[in-house]
Each structure stands twice: as structure tokens, then as C-alpha cells.
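Engineer: Build the 3D model from these lines:
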Amino acid sequence: MQAYNSYNQLVESIEKIEECLEKYDFQQVSLLIVEVRQNIKLYTDSHESIELIRYRYYEIEARLAHWKGHYREALEFAESMFMAAFSMNNLKLQAEARYRTGTELERLGRYDDSIVKLNLALEYFLKKDDFKQIASMYVALGITIFSKGYYATSIEYYLLAIKYAQPGNYIEELAHAYMNMGVSKRFLGKYDESLDAFLVAQEIFEKLNHQPQIARVLNNIGLALSHKGAHDASLELFRKAISIDDEIGDRVNKANHLNNLGLTYEAKGEYDIALDYYLQSLSIDEELQDLPRLSISLNNIGSILATKGDYNEALEYYNRAIEINLSIEDKVGISFTYRNLGNLYFFMDSYEKSEEYYIMALRIDSELNDQLAIANSYNNLGNVKSAINQLDEAMDYFNLANKIIENSPDDLSYAAIFNNIGNIMFSNSMYNEAEEYYKKALDINTRLNDKVGQAMNYNNLASVNESRNNFDKAIEYYQKALLLDLNIHDKNTLITRYENLANAYFHKRDYEQAHAYYIKARDLALDGKMDKRLAQIYNRIGNTFLNENNFIDAMLAYKKSLQINQNLELDEAIAMNFFNMAIVFLKMEEYTNSIHKLQQARDLYEKLSLMDEWADCNYLIGITFYTQKEFTYALLYLSKAQDYLKSKGYPSKSVDDTIMEITKLINSESRR
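Structural biologist: The predicted structure is shown next:
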């Protein structure tokens, strides 16, 4: 360490670092601060000039820690700033320190504490008519209100910031107000208004040549465009932002922008590319030890692995994320990861475990008083109750979510609640009521120009009509959903749309059209290496050929499905393949092969404790033996099916009649 010869040398070093901060050159700050840290400890006396230097030093450390994502450390320095200002009895610096403290408290999820500190700072600056600082306070308050989930209310604060920034032409504060207002409008689904705000911010930041903020605003424009389905344009903007990050050495924001590249590729259904970007972001976060961002990257990787069906690997990433969240007491991050764990277990049909994590997330959301997060948790719990057919409890949760949303002009959340209530009605076969709620959701999403939401609503309206056997209307709605999704380029969703159209044509007995759409779905699944989906599609292609009495092609399709399912070790899907192959052999009058496949399917169903399917296999084996006039074997298998059906209280008339007929035939033969 180089010891400074004088107090003036310390001051000069502080000033040099502050110049670097003005240029947002945090890399140079990181190098210069090392000597200052050591030398400032040499000054143990207490007088106003040294306290002012200490204050400025603490501010540098707070900003540097914030830039690195070390928010707890930044908070400690912000509190030291306040103590230094207090010792000088400097009210202006105390207010600035409270502003810095409030900012760090927001990053740590301590929203109410943040609002208290920021309001104290605002009170001082209002008395002094310091319009520049007042504008900054309103932006900071808006960000905290936004983090609490009050998106529309946050806009009111940004408008106040604009009101105070405009008269004094405080253009940087103006730009921050517009940029954050754009973020709020994006979260409200008002993407065009969001873009207008971002463009104002971009123009100002470009005039200031403020490179870090130019990168951020490009990133925000990219996110808004991605939500509008303009994924290719958004990817170009993210890459421009990353180019700026590389120029100025901003590794923190580069990690964030790489993550957004991943999110956009994920939205396009290009999961392997998305995963690669997430891993690049993770590498930077690990290098910087930016723990909050590291948790986000781990969550994103977990989510994409869950989407790909790699549940165990996804769980590993979520567990790493929650370990970090807990270690830094990041309550917002803890809640977010708990929700993702709940989603994961929901996908795995582990509804009890899913509910457990959603409740844990709800507790933290309530503690943070994050209203929209609370509504989201109620919504998730409603989905769990709906999945386990506890529909009254599901409706209770959706109504709780609805009450919260009523107090917030968050139309996107309204649309989600209406959609979920529609799902409950649909599950209860209340098709008219379901249709009414789906149309309400569609009206909102149409007004917001939310293409993804509209496509989902059209898909649900199609399902209602398909359940009424109104196949033409169902196909019309599925086509509308498909038209929207073709512009969004989400492969996973496109596969679903093609399958849904194929299924509707299949039920309409238009097997040629069904086959054509199954082939479209197959080609996308092949391109995306989605083996599980591919196996399901081959199985459905087999069903189409079977109904056309094209037994050879049906068998080939079932075999392709079987091969994939065996590689993935999906026993239930394998059993279904065996069952379908048995039907083909039965129609081809290859009875021995049919019985063999049915026995394979039956044994797997028994292993999986799927006894309804086990009984179906026994029934068909019995019928096949009956067809071959093997009455003793027929009676043996049919009796197994009969015993099971009666034990469950299921109707068994057809089995009873067949057994009675076989018994008569056996008795008739024995009399001869």
C-alpha cells in the first residue's frame, strides 16, 4: 500500500474516484478505492473536514457495492454515510444518506422501511425547494412502490418526478422517470405506451452520452418488443446493449442482458439456445459473486430445465437459488424461488408439495405486503386445488386473488383470474359460464394488445366448443390462436396449437386434416429435440392411421413412439403404446400378438397402480380369447376385470353379459 503524505492527497484521490463515478467507470473505481480504504483509516481525529471526506468515501463504497449487487454491504455504507452526516449536523447530507439507505432497502425487499427513509429525505428537499432532488426522490419512491406490486400507483410518482424535473431542465432525472414509467406500463401490459416512455428516455440518455443507461433503455425496449411478439427485433436490441456493456466493462448489466436474450429465445421455444445464454449469465454472476443476480440466473436455468422436462436437474438449480436467497435474507428472491419450486412440483403432479411451496411464498408475500405477489400466490393455490378437483376451494382462492386485483388497475391480472375461473367452470362442465369468463379475459387481452393472452383465450374458447361437439367453431378458435402464435414464434406453444387442431379434426373424423396438423407438430418437435412431445405426437399419428384402417403405418408410428418412451423410461406412456399396438394386432386378427402386447401393458399398469387401465387390459385379453373360442382363458381374464369393476362400484354390464354368454357356451359344450 502507498501511504498518502497529506490529507490533501486523500482528498485528491476521493475527487478522482468521484470523477470516475460520474462516468460510471466502476472498474477504475474498484482499482482506485483500494488505497483510499487503507489511508482513510489513518485519520482517527474527528472534525468536520475529515467527516466530510469520510462521508464521500462511504458514498463511493455504497455505490460500488450497489453496482456489484452487494446490497447488504451497500446498506451498511449508506448507514455510515448517515452517521458521518449526523456528526456534522449536516441536514442536506443526512437527507442524501437517507435516499441512499432507502434505495438499498428496496433492493433487499424491505419496502416499507425504504418508503420511510425516502419520505424523510423527500420532506427535507421539499422544504428546500430542491427540485432536482425532489424528482430523484419521487423516482426512488416509484421504484419501491413498483416493487411492492403497485404498478399503476408507481406511475403517479414518476409523473410527479417529471413535474419537478421539467422546470429546471433536470434531464437526467427526467430520463430516469420516463424509463421507470415505461417499465411500469410494460408490467401493466401497455406495451405501446411503454415504448413511448422508453424512447423519450433513450433520446435524453443519448444526448448525455450516458452509455450504461443507453444500454439499459435498449434492454427495456427489447423486453417491451418481446412481449409484443417482436422477438427478432428484441434480440437485436439486447445484443446492442451487450455491445455497450463490453465497451464500458459493465459485467453486471451484461449478465442481465444475457439473461434477457435467454428469456426471448425461451419465448421462441428455442430452449437449448436460451439455456446457453442463461449459463453465460450465470458464469458472470459467479465471477462477480453477485448473489442476487446469481439467484435469478439459477432460477431461469431451473425454469427452462423444468420446461424441457428435466425435473430433477431443475430442482438442483432451484435448491442452489434458495440457498443463496436464504443466506442473504433476500425475501423477494426467497418468495420468487418458492413459487418456482411450487411450479416445478405442479408440473410433476406432486400437488401436495406444490401447495406447500406456494403457501411458503404467500407467507413472505404477506410479510412484504406485496399485493400482486399475494394475488399471484392465491392464483397458484387455486390452480393446485383445481388440479386435485377441489373446485370449491379453488374458487375461494381465485376470489381472494380477484379481491386484491379489484383494488389495482392491473388488467393483466384481471385477465388471468377470469381465465382461471373459466377453467373451474370448464372442469365442472359448466360450459356457458366458462365461455363467459374466457370472453371477459379475451376482451381485456385484446384491449391490451396482449397477443400471448389472446391466443390462450382463443384456445380455451375452442376447448369449450370442442367439449360441446361443436367442432367447426372449435377449429375456428384454434385457427385464431394459431395465427397469433405464428407471429410469436414459441415452438412449444405452436406444437400445442397444431396438436389441438389435429385433435379437433380427429374428433370430427376428418382424419386427413388431423394427420396434416400432427405432421406439422411432429416436424417442430423434431427440430426442437422435444422427445417427450414427439413420442406423444407419434402416438396420435398412429391413432389417425388406425381409424383409417391403415394398420401398417399405425404400427410404425406406435413403434416410433415406443422407442422414444423406452429411452426416456416413461412407463405409463410405454404401457399406452403396448395397448395401442395390441388394438392394431386385434384388428389385423393377429390374436396371439395382440394378447402378448395387452399382457405387457397390463403388467406395467399394475406396477404403476393404474388399476382402471389394468382392468381394461384384462377385459380386452378376455375378449380376444373369446374371439378365438378359448373360453376358459376368456373367463379367467374377464372375471378379473369383473371383480375389479364391482369392487369399485363401476358399471360392469357388458362384462357380466359376456361372462354369462361364455358360461352358457361352456355348459353347452360340456353337455355334448
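
Engineer: Tell me where the stretch 201-350 of the chain has helices.
Structural biologist: Along the stretch 201-350 of the chain, counting by DSSP state H, counting those that start in this stretch, helices occupy 211-227, 231-248, 251-267, 271-288, 291-307, 311-327, 331-347.

Engineer: Could you dump these into JSON lines with distance to residue 475, mean pLDDT and mean neighbour count added?
Structural biologist: Every C-beta, even on glycine, is put in place using the N, C-alpha and C of the backbone. Formatted as JSON lines, the helices of the stretch 201-350 of the chain follow (distance: least, C-beta to C-beta, whole Å; pLDDT from 0 to 100; neighbours: other C-beta atoms under 10 Å):
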{"stretch": "helix 211-227", "distance to residue 475": "28", "mean pLDDT": "92", "mean neighbour count": "23"}
{"stretch": "helix 231-248", "distance to residue 475": "27", "mean pLDDT": "93", "mean neighbour count": "19"}
{"stretch": "helix 251-267", "distance to residue 475": "26", "mean pLDDT": "89", "mean neighbour count": "23"}
{"stretch": "helix 271-288", "distance to residue 475": "29", "mean pLDDT": "90", "mean neighbour count": "19"}
{"stretch": "helix 291-307", "distance to residue 475": "27", "mean pLDDT": "89", "mean neighbour count": "24"}
{"stretch": "helix 311-327", "distance to residue 475": "34", "mean pLDDT": "93", "mean neighbour count": "18"}
{"stretch": "helix 331-347", "distance to residue 475": "29", "mean pLDDT": "92", "mean neighbour count": "23"}
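
Engineer: Would you format the ones you listed as a markdown table with distance to residue 97 included?
Structural biologist: Converted to a markdown table, the helices of the stretch 201-350 of the chain look like this (distance: least, C-beta to C-beta, whole Å):
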| stretch | distance to residue 97 |
| --- | --- |
| helix 211-227 | 23 |
| helix 231-248 | 28 |
| helix 251-267 | 23 |
| helix 271-288 | 26 |
| helix 291-307 | 22 |
| helix 311-327 | 27 |
| helix 331-347 | 24 |
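
Engineer: Output the below-cut-off pLDDT ranges for the stretch 551-672 of the chain.
Structural biologist: Confidence mapping of the stretch 551-672 of the chain against pLDDT under 70 gives the ranges 668-672.

Engineer: contacting residues for residue 601?
Structural biologist: For residue 601, the contact set (C-beta atoms under 8 Å, 6 or more residues apart in numbering) comprises 575, 576, 578, 579, 582, 613, 617.

Engineer: and what of residue 450?
Structural biologist: 189, 227, 412, 415, 444.

Engineer: now, the most widely separated pair of these?
Structural biologist: Longest distance between any two of the contacts of residue 450 is 15.0 Å, between 227 and 444; criterion C-beta to C-beta.

Engineer: just to revisit the earlier point, now, the contacts of residue 601 that are in strands?
Structural biologist: Filtering these for membership in strands, criterion DSSP state E, returns an empty set.

Engineer: The helices of the stretch 201-350 of the chain: which one's closest to residue 162?
Structural biologist: Going by C-beta to C-beta, the one of the helices of the stretch 201-350 of the chain nearest residue 162 is helix 211-227, 16.0 Å.

Engineer: what angle separates the closest one from helix 251-267?
Structural biologist: Angular relation of helix 211-227 and helix 251-267 on a 0 to 180 degree scale: 10 degrees, by axes from the mean of the first three to the mean of the last three C-alpha atoms, to 10 degrees.
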